[in-house]
Structures are given as structure tokens and as C-alpha cells.
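[1] Using only what follows, build the 3D model:
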Amino acid sequence: MEETKRVPVSVYAEMTPNPAVLKFVANKRLIEQDSVEFKNIEEAQPSPLAVKLFHFPFVKEIFVSGNYLAITKYDIVEWEDITLEVRELIRDYISQGNPVLKVAIASTEASEEDIKPAPVAFHPEEKSPEEWDAIEQKIVSLLDDHVKPAVEQDGGNIKFLNYQEGVVKVLLQGACSGCPSSTVTLKQGIQSLLQEMLPGQIKSVEAVNG
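    Below you'll find the model as predicted:
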């Protein structure tokens, strides 16, 4: 029997501003799409790695983007007691060449279950990009250029949901979701930025946790 060819992979753990969330960073891209978030093991079915991680009783949520996973834990354990075990599981899984997300199988023999596409995070309040007007396009552009890079560094994500009567609604994911400092960042950082760049058009920015 042929041995599985292992790929050299390194994974390191990084703290985030949210004490409940730790970021596990790999030296390779993990998914092709922007990001995906799993709240429980049922949602995680398209990701064999996420399913394995949810078998740990302390794993609450998993956010995957680019080359990292941001894992939110329950308060039943401390990170220092579990980081090594989680890091090794992730590294071992990736080094075996396993996909983090299942990809659609373009085969006539594939069952319906096999060809389900990898999930794209969607929120009921999220407005489709095709429906964005000029102001909404400007808001998204400002978020992408000035906010997203810093948020991603911290193991999180911010996604534009909608804009109504001067109120911008955004979705916070990963380490940003439920983070004690996210409200301050939202009001002092994001809201101030949008009000400065789009004078008279932004009353406030409201966050919805992912």
C-alpha cells in the first residue's frame, strides 16, 4: 500500500484582540474563496478539517480565510492547555494534502451530495452586490481598502450588509465577532472613517455579529 505523500507545512498560533479566539496560520493558502464561517458541526460538513476540529468539546466556532483558521473556544479550557494539540491536528491534516473545503466534483457519476459547492457565507440582511448603488459601492471600497486588511491581520472579517437612511450595517466574523474591543473599533475607527470620507451621508455604523 502506497504511503500518503506528505507536503511540508508549518502552522503557528497567533493571539487576537479577542481572548476567546486564536488564529492558526499556515504557510500556504487554505481556501480559494474569500472566507467561510462555521457555527457548529452541521454547518461544517463541507469542511472535513472543521468537522475534525468540532470534535474537540471546547471548539465553539471556526472562521477560515486565506491562509488561516480563527477558532473560537468555550471558556471551559485555557488556550495554553490546548494550542499544541489543535495546531498539530491542523498541520497534520494539511500536510497530508487534504482539502480544507470539499470542491464540486464534475463527474456524471457523482451523487448530488458529492457535488454540493463549498459554502459562501450569507446573511439574511446582506444586500446583493448587483443591487448596490453608488454610495454603497463607495462604502464597500472604503471598507476593503482601509478596514479589511487590519481586521484580517487580527483573525477576523468585516462584510458590508446594507445601507439605509444613513445607517451602515456590517457583519463581524471570526475574531471580531463578540470581541470586547470591536465596538470601540467600530465607532471610533470605521464610523469616523466613513463619516470623514462620505461627509453628510453616514449617521452611524451598526455591527451584527456573525
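[2] ok, the residue lying closest to residue 176 once chain neighbours are set aside - contacts?
    Once flanking residues are discounted, residue 176 sits nearest to residue 156: 3.3 Å by Cβ to Cβ, 6 or more residues apart in numbering. Yep, even glycine has a C-beta here, placed from its N, CA and C like the rest. Going by Cβ atoms under 8 Å, 6 or more residues apart in numbering, residue 156 touches 16, 18, 21, 63, 70, 172-177, 179.
[3] OK, contacts around residue 48?
    93, 98-100, 102.
[4] closest to residue 87 among these?
    Nearest to residue 87 among these, counting by Cβ to Cβ, is residue 93 at 10.9 Å.
[5] can you give me the strands in the protein?
    Counting by DSSP state E, the segments of the chain that form strands are 11-15, 21-26, 35-38, 59-65, 68-73, 156-164, 167-174, 204-209.
[6] quick one: which of those has the weakest pLDDT on average?
    Out of these, strand 204-209 stands lowest, with a mean of 80 (criterion: mean pLDDT).
[7] quick one: that one to strand 167-174, angle?
    Relative orientation of strand 204-209 and strand 167-174, computed by axes from the mean of the first three to the mean of the last three Cα atoms, to 10 degrees: 30 degrees.
[8] How far off centre is strand 204-209?
    17 Å (Cα atoms, centre = their mean, to the nearest Å).
[9] Just give the strands next to it in its sheet, each with its orientation.
    strand 167-174 (parallel) (DSSP bridges).
[10] buried stuff in the partner strand?
    Along strand 167-174, these residues count as buried under the neighbour rule (16 or more other Cβ atoms under 10 Å): 168-174.
[11] Could you point out which of the contacts of residue 48 is nearest to residue 195?
    residue 100 (38.2 Å).
[12] Any idea how many residues pack against the spatially closest residue to the closest one that is not a sequence neighbour?
    Closest residue to residue 100 apart from its sequence neighbours, by Cβ to Cβ, 6+ apart: residue 30 at 4.5 Å. For residue 30, the tally of surrounding residues (other Cβ atoms under 10 Å) stands at 21.
[13] The one 5 residues further on now?
    Here the count is done by other Cβ under 10 Å, and residue 35 has 19 residues near it.
[14] thought it was touching residue 157?
    Yes. With contact defined as Cβ atoms under 8 Å, residue 35 reaches residue 157; the gap is 5.2 Å.
[15] Give me the common contacts of those two.
    What both residue 35 and residue 157 touch, as defined by Cβ under 8 Å, 6+ apart, is the set 63, 65, 173-174.
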